[in-house]
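Undergrad: structure for the following, please:
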Amino acid sequence: MYKSPLKFSVLGLPVHVMKNYPNWLLECLEQGRGTHVVTLNAEMTMQAERNLSLAGVIQNADLVIPDGAGVVLYLQCLLRQEVQRCPGIELSENLLQELGQLKTAPKVFFYGGAPGVAATAAEFWQQQVPGLNIVGTHSGYHSPEEEEILQQTLTQLEPQVIFVGLGVPRQELWIAKNRHWCPQAIWIGVGGSFDIWSGTKTRAPRWLANNNLEWLYRLYQEPWRWRRMLALPEFVLKACVYRLIVKNVNGAEC
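TA: Just a heads-up that it's a prediction; the model follows:
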């Protein structure tokens with residue numbers, strides 16, 4: 001039976017909390033319930049404050065998972081919730097593993113990344129999980145005419161799970177605009193996951209991720225991101241201000 005996940009607010013944006021996200025998505029898949037998955041972190045939260053279109057997409061998403069350490073700490077420290085971080089790449093990997101074990105493998109599509117990256121990522125997963133049914137891939141770099149071909153391809157293939165790696169906020173806006181092409185599909189924005197799966201880039205060592213320092217490794221790999229990383233201290237500052245406001249309000253009520 002369908003059960004709505006618990007929903008909390010992180011600086012005005014929804015975050016859904018549950019113990020097993022892949023199982024919930026498999027249930028959506030079984031019931032043909034179209035689902036847009038957003039993987040929320042501190043950087044996206046700050047982008048949404050300045051990009052109302054992105055904020056609207058997040059508000060209307062069917063599942064918003066706590067991807068970033070900042071979002072998780074917000075839920076743990078300010079809202080007193082027992083929640084674990086769920087990186088979008090790990091959710092996607094777990095889901096792909098599960099899909100490959102089903103008797104009738106759902107159709108999967110990879111869209112995004114530089115030319116050839118999504119195809120290489122698909123080859124990697126086909127080797128890892130032979131039972132997967134990856135029916136197609138498409139680069140994220142293309143002309144408007146090629147996007148029309150992409151639309152026709154998705155409409156004809158009717159994939160049931162579509163991974164979109166265009167980066168934030170492009171992938172979220174693109175999914176919201178075009179998910180009607182396959183209304184019963186699960187659409188997941190996966191950022192740079194195709195780069196990891198194709199071997200183009202590597203993930204941070206586990207010890208960095210476990211200490212909430214994965215962002216530092218990403219900055220090391222892509223120094224040009226330093227301006228975007230300024231969203232992290234901004235997020236912390238806003239969270240502290242929020243806590244002070246809540247404390248004052250609660251104190252006034254007492």
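Undergrad: can we go C-alpha only for contacts and neighbour counts from here?
TA: OK.
Undergrad: mind checking which helix or strand the residue nearest in space to the middle of the chain is in?
TA: Note on the chain: the residue nearest the mean C-alpha position is Thr39, at 3.0 Å, using CA atoms, centre = their mean. When elements are assigned from DSSP states H and E, Thr39 belongs to strand 35-40.
Undergrad: thinking again about what came up before, quick check: pLDDT value at the residue nearest to the centre of the chain.
TA: What the model reports as pLDDT for Thr39 is 97.
Undergrad: and the gap between it and Leu26?
TA: Relative to Leu26, Thr39 is positioned 17 Å away (CA to CA, to the nearest Å).
Undergrad: buried residues in stretch 123-136?
TA: Burial within stretch 123-136, assessed by neighbour count using 16 or more other CA atoms under 10 Å, is assigned to Glu123, Trp125, Gln126, Val129, Gly131, Leu132, Asn133, Ile134, Gly136.
Undergrad: likewise for stretch 184-203?
TA: Neighbour counts over stretch 184-203 (16+ other CA under 10 Å) mark 184-195, 197-198, 203 as buried.
Undergrad: quick check on the nearest residue to Ala48 once chain neighbours are set aside: phi, psi?
TA: Once flanking residues are discounted, Ala48 sits nearest to Ala55: 4.6 Å by CA to CA, 6 or more residues apart in numbering. The phi and psi torsions at Ala55 (degrees, to the nearest 10) take the values phi -60, psi -40.
Undergrad: does Ala55 touch Leu11 like I think?
TA: No. Using CA atoms under 8 Å, Ala55 is not in contact with Leu11, being 11.1 Å away.
Undergrad: which of those two has more neighbours?
TA: Each of Ala55 and Leu11 has its neighbours counted (other CA atoms under 10 Å); Ala55 has more, 23 against 16.
Undergrad: the more buried one and Leu166, how far apart?
TA: As judged by CA to CA, Ala55 and Leu166 stand 17 Å apart.
Undergrad: quick one: the helices in the protein?
TA: 21-30, 42-50, 52-60, 69-73, 88-101, 117-128, 144-157, 170-178, 193-198, 206-210, 214-221, 226-229, 231-253 (DSSP state H).
Undergrad: now render the ones you listed as JSON lines, adding distance to Ser4 and mean pLDDT.
TA: JSON lines is the format used below for the helices of the chain (distance: least, CA to CA, whole Å; pLDDT from 0 to 100):
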{"stretch": "helix 21-30", "distance to Ser4": "9", "mean pLDDT": "96"}
{"stretch": "helix 42-50", "distance to Ser4": "23", "mean pLDDT": "94"}
{"stretch": "helix 52-60", "distance to Ser4": "14", "mean pLDDT": "98"}
{"stretch": "helix 69-73", "distance to Ser4": "20", "mean pLDDT": "90"}
{"stretch": "helix 88-101", "distance to Ser4": "18", "mean pLDDT": "97"}
{"stretch": "helix 117-128", "distance to Ser4": "30", "mean pLDDT": "98"}
{"stretch": "helix 144-157", "distance to Ser4": "28", "mean pLDDT": "95"}
{"stretch": "helix 170-178", "distance to Ser4": "20", "mean pLDDT": "98"}
{"stretch": "helix 193-198", "distance to Ser4": "27", "mean pLDDT": "96"}
{"stretch": "helix 206-210", "distance to Ser4": "29", "mean pLDDT": "65"}
{"stretch": "helix 214-221", "distance to Ser4": "30", "mean pLDDT": "63"}
{"stretch": "helix 226-229", "distance to Ser4": "33", "mean pLDDT": "61"}
{"stretch": "helix 231-253", "distance to Ser4": "26", "mean pLDDT": "70"}
